[in-house]
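K.L.:
structure for this input, please:
(2 chains)
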Amino acid sequence: MKSLFKLLFCSCLLLSLNAHAVLDIKITQGIEQSLPIAIVPFGWSQAGSVAPIDLTSIISGDLQRSGRFNVMEEKDLPQRPTEYDNINFGDWRKLGMENIVIGKLELTDAGTYDVSFRLIDVYRGKQIAGFRIPAKPDLLRRVAHQISDIIFEKLTGMPGAFDTRVAYITVNKVKDKKIHSLQIADADGHNAQILLESPEPLLSPSWAPDGKKIAYVSFEGKNSAIYVQNVLTGQRERVSAFEGINSSPDWSPDGTRLAMTLSKDGNTEIYILNLNDKSLKRITQHGGIDTEPNWSPSGQKLAFTSDRSGGPQIYEVSVNGGQPKRISFEGKYNARPEYSPDGKFITLVHAVSGSYRIAILDLSNSSITVLTDARLDESPSFAPNGGMIIYATTGVRGGQLAAVSTDGSIHQRLGLQQGDVREPAWGPFLK
Amino acid sequence: MFIRTLLVLGLAGLLFGCSNEQVKEEEPVAVEDLGSGAGTGDSGAQAYSSESSSTSGFDALDDPQSPLSIRIIYFEYNSNEISSEYRSAIEAHAAYLSRNPSTSVTLEGHADERGSREYNLALGESRALAVKQQMLILGASSSQIRLVSYGEERPAVDGHDESSWQQNRRVEILY
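P.N.:
Residues are numbered from 1 along each chain as shown, chains lettered A, B, ... in the order given. Next up is the predicted model:
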């Protein structure tokens, strides 16, 4: 009973804070050849009452923000069919519209909902995809993102990453004191939730591959320590608190181990902690800085930052240890590597004449392509479909999040109404 | 104390129409120690005391003329090399620690905001380690020196220019 009360109280507290923590996403640059699409307002079975959710605007927002679609404005729609048989193909063809989405939301006798939609190729007069998705009331937003994912995949060939979440750190000053908080939000910035607040610094959130846990660094014990927190229950465990640095946790693809940086043996080295038996294996042996390990998708290698050549550069090492191999050669500053989901690229922070930018390293030929153009960009993190990279940048109002497509053509800004936001980590596909 | 404040906030949340229906199963729930982390077992933290050196009336540490009054060592960009101008200060601190074996000191390493946060955490550590190694050579003992790095998380000055950055690339000597 007591714990139930605690649960309710905590949830309510979070909800009351949530209203202030919406990430506002604006697209600042899209691709020229975006695909025209029309999302017809979804039908609603209880005419006369207000639908519990505006599926149309969520789906339209997802697609428009992706930079790959040009969503027709509602006022320009030539007709508003909710059934396939009512589509007047000629009306749409006249406007040059290639694809339309129709659908409806129905309340069931059990009090849950059925969402159905069809994606239609207007020119061929053919349905490309059609689904009926049953949903509980609290999952309707996710269903909208899932529909966006299906449309995105059918029309671009790449899986969508709308039904995913991001973790990030915010810092707000309250009466001269800094409040650090670890938050997660849907990829569209909605449903922001605070997982932890602390007067001491928080950094380096890293998602477990199942999306159920987050590892991070907290200074609450007056030194860095690594914690693992269950996103669902809030339960947390301190997994590393050695003397010196405990930082940069990164999950193995199978979720059983954390790569991390420790300085307990003298200076910063890379280690792998087995979360089951808590055994610790040292991977690097060098007098310089070794940090920021990131697991390759195959699980066989770690990329990390080392200054063993004089300045920070990226190296790869086997998870069994051995001699690291340098893999970045352009420029004097390359740090914070993260593999692309297909393992062919690494995103990193790259300094160009005094500015720190997000870049992508092509592992097939070691070339580095700079994707962003601000002064202080950092913490790049791939979307699970590999299409976008979210990162932190410094704007006029402090830290902000931004995202860029991996080809550099699409740019988005994600702003908080107040405070700094930093250290984004894009979560895995939700199961 | 902090917990109590949260409780009040939480009740306020209840009063302002935060009903049970809004509690979703999927909702992540914060731990009860949301915030300060008190009670999560800071057993890794070492006991060190800032008072241990000031038990007698006058102490060399309080003498503004002494090189011991230099408590911050500044660094060049992306470097852990200690400038020769700090040699006398580090010598004085090492000698003081050597004369007062029960005294301990924390060397707090920091970096400016440029580049990667995790790398900067390591950079702050390597700066603190460089100061520690000099102090050890000059007579202090390892057990007297605790290292902590805050990387770029605790800048001395908020600002995005070189004049701010040079004040943030530092090791603070804290008795």
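K.L.:
what residue in chain A is the furthest from its centre?
P.N.:
Distance from the centre of chain A peaks at A:Gly90, with 39.9 Å (C-alpha atoms, centre = their mean).
K.L.:
show me what residue of chain A gets nearest to chain B.
P.N.:
Nearest to chain B, among the residues of chain A, is A:Glu220, at 3.1 Å (C-beta to the nearest C-beta). C-beta: built from backbone N, CA, C; applies to glycine.
K.L.:
and that residue, how many neighbours?
P.N.:
By other C-beta atoms under 10 Å in any protein chain shown, the residues close to A:Glu220 number 24.
K.L.:
repeat that for A:Ser340.
P.N.:
Summarising burial for A:Ser340: neighbours were counted as other C-beta under 10 Å, giving 20.
K.L.:
dihedrals phi and psi, the residue of chain A closest to chain B?
P.N.:
When quoted as degrees, to the nearest 10, the phi and psi of A:Glu220 stand at phi -60, psi -30.
K.L.:
walking through the stretch 301-431 of chain A, point out its strands one by one.
P.N.:
Remark: strands assigned in the stretch 301-431 of chain A by DSSP state E, counting those that start in this stretch are A:301-306, A:313-318, A:325-326, A:334-339, A:345-352, A:355-362, A:367-370, A:378-382, A:388-395, A:398-405, A:411-415, A:420-426.
K.L.:
please apply the same query to chain B.
P.N.:
Along chain B, the segments classed as strands by DSSP state E run B:72-74, B:105-110, B:145-151, B:170-174.
K.L.:
chain A: which of those strands is closest?
P.N.:
Per C-beta to the nearest C-beta, nearest to chain A of the strands of chain B: strand B:145-151, 5.2 Å.
K.L.:
which other helices and strands contact that closest one?
P.N.:
The contact analysis (3 or more C-beta pairs under 8 Å, 6 or more residues apart in numbering or on different chains; DSSP states H and E) places strand B:145-151 against strand B:105-110, helix B:117-137.
K.L.:
nearest to chain A, of the ones you listed?
P.N.:
helix B:117-137 (4.2 Å).
K.L.:
can that closest one be said to contact chain A?
P.N.:
Yes. Applying C-beta under 8 Å from any C-beta of the partner chain, one finds helix B:117-137 touching chain A at B:Arg117, B:Glu118, B:Tyr119, B:Leu121, B:Ala122, B:Leu123, B:Glu125, B:Ser126, B:Leu129.
K.L.:
please enumerate the helices of chain B.
P.N.:
B:2-15, B:87-99, B:117-137, B:162-168 (DSSP state H).
K.L.:
give me whichever of these is most buried.
P.N.:
Per residue and on average, the most neighbours among the helices of chain B fall to helix B:117-137, with a mean of 25 (mean count of other C-beta atoms under 10 Å in any protein chain shown).
K.L.:
what is the mean pLDDT for that one?
P.N.:
In this model, helix B:117-137 carries a mean pLDDT of 96.
K.L.:
just the angle for it relative to helix B:87-99, thanks.
P.N.:
Angle, helix B:117-137 to helix B:87-99, by axes from the mean of the first three to the mean of the last three C-alpha atoms, to 10 degrees: 70 degrees.
K.L.:
mind saving the C-alpha coords of helix B:117-137 as CSV?
P.N.:
The C-alpha trace of helix B:117-137 is given here as CSV (Å, rounded to 0.1, in the frame of the first residue of the first chain):
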residue,chain,number,x,y,z
ARG,B,117,32.2,16.2,-22.4
GLU,B,118,33.5,12.8,-21.6
TYR,B,119,36.9,13.5,-23.1
ASN,B,120,37.0,16.7,-21.0
LEU,B,121,36.2,14.7,-17.9
ALA,B,122,39.3,12.6,-18.7
LEU,B,123,41.3,15.8,-19.5
GLY,B,124,40.4,17.3,-16.1
GLU,B,125,41.5,14.0,-14.5
SER,B,126,44.8,14.0,-16.3
ARG,B,127,45.5,17.6,-15.2
ALA,B,128,44.8,16.7,-11.6
LEU,B,129,47.0,13.7,-12.0
ALA,B,130,49.8,15.8,-13.3
VAL,B,131,49.7,18.0,-10.3
LYS,B,132,49.5,15.0,-8.0
GLN,B,133,52.6,13.4,-9.6
GLN,B,134,54.6,16.6,-9.0
MET,B,135,53.4,16.8,-5.4
LEU,B,136,54.5,13.2,-4.9
ILE,B,137,57.9,13.8,-6.3
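K.L.:
so where is the chain shaky, pLDDT-wise?
P.N.:
Because you didn't say which chain, this covers chain A. In the predicted model of chain A, residues A:1-23, A:27, A:30-32, A:415-418 satisfy pLDDT under 70.
K.L.:
you looked at the wrong chain, it should be chain B
P.N.:
Low-confidence segments of chain B (pLDDT under 70): B:1-58.
K.L.:
ok so, going back, of all the helices and strands packed on strand B:145-151, which one comes closest to A:Pro297?
P.N.:
Set against A:Pro297 and scored by C-beta to C-beta, these come closest in helix B:117-137, at 20.3 Å.
K.L.:
what would the helices and strands packed on strand B:145-151 look like in TSV with distance to A:Ala374?
P.N.:
Output for the helices and strands packed on strand B:145-151, formatted as TSV (distance: least, C-beta to C-beta, whole Å):
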stretch	distance to A:Ala374
strand B:105-110	23
helix B:117-137	16
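K.L.:
and the strands of the stretch 301-431 of chain A as TSV, adding distance to chain B and mean neighbour count?
P.N.:
Putting the strands of the stretch 301-431 of chain A into TSV (distance: least, C-beta to the nearest C-beta, whole Å; neighbours: other C-beta atoms under 10 Å in any protein chain shown) gives the following:
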stretch	distance to chain B	mean neighbour count
strand A:301-306	5	26
strand A:313-318	11	21
strand A:325-326	16	12
strand A:334-339	4	26
strand A:345-352	5	24
strand A:355-362	5	22
strand A:367-370	15	15
strand A:378-382	5	27
strand A:388-395	6	22
strand A:398-405	9	23
strand A:411-415	18	19
strand A:420-426	7	23
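K.L.:
and those: which comes nearest A:Pro36?
P.N.:
Comparing the strands of the stretch 301-431 of chain A by C-beta to C-beta, strand A:398-405 comes nearest, at 19.0 Å.
K.L.:
show me what the closest one is packed up against.
P.N.:
With contacts defined as 3+ C-beta pairs under 8 Å, 6+ apart, strand A:398-405 has these neighbours: strand A:165-174, strand A:388-395, strand A:411-415, strand A:420-426.
K.L.:
out of these, which is closest to A:Arg68?
P.N.:
A:Arg68 sits nearest to strand A:388-395 of all the helices and strands packed on strand A:398-405, at 10.4 Å, using C-beta to C-beta.
K.L.:
A:Arg93 belongs to a strand?
P.N.:
No. With DSSP: H, G, I helix; E, B strand; the rest coil as the criterion, A:Arg93 is located in helix rather than a strand.
K.L.:
about what we covered before: tabulate the strands of chain B (CSV), appending mean neighbour count.
P.N.:
Shown next, in CSV, are those (neighbours: other C-beta atoms under 10 Å in any protein chain shown):
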stretch, mean neighbour count
strand B:72-74, 19
strand B:105-110, 24
strand B:145-151, 24
strand B:170-174, 20
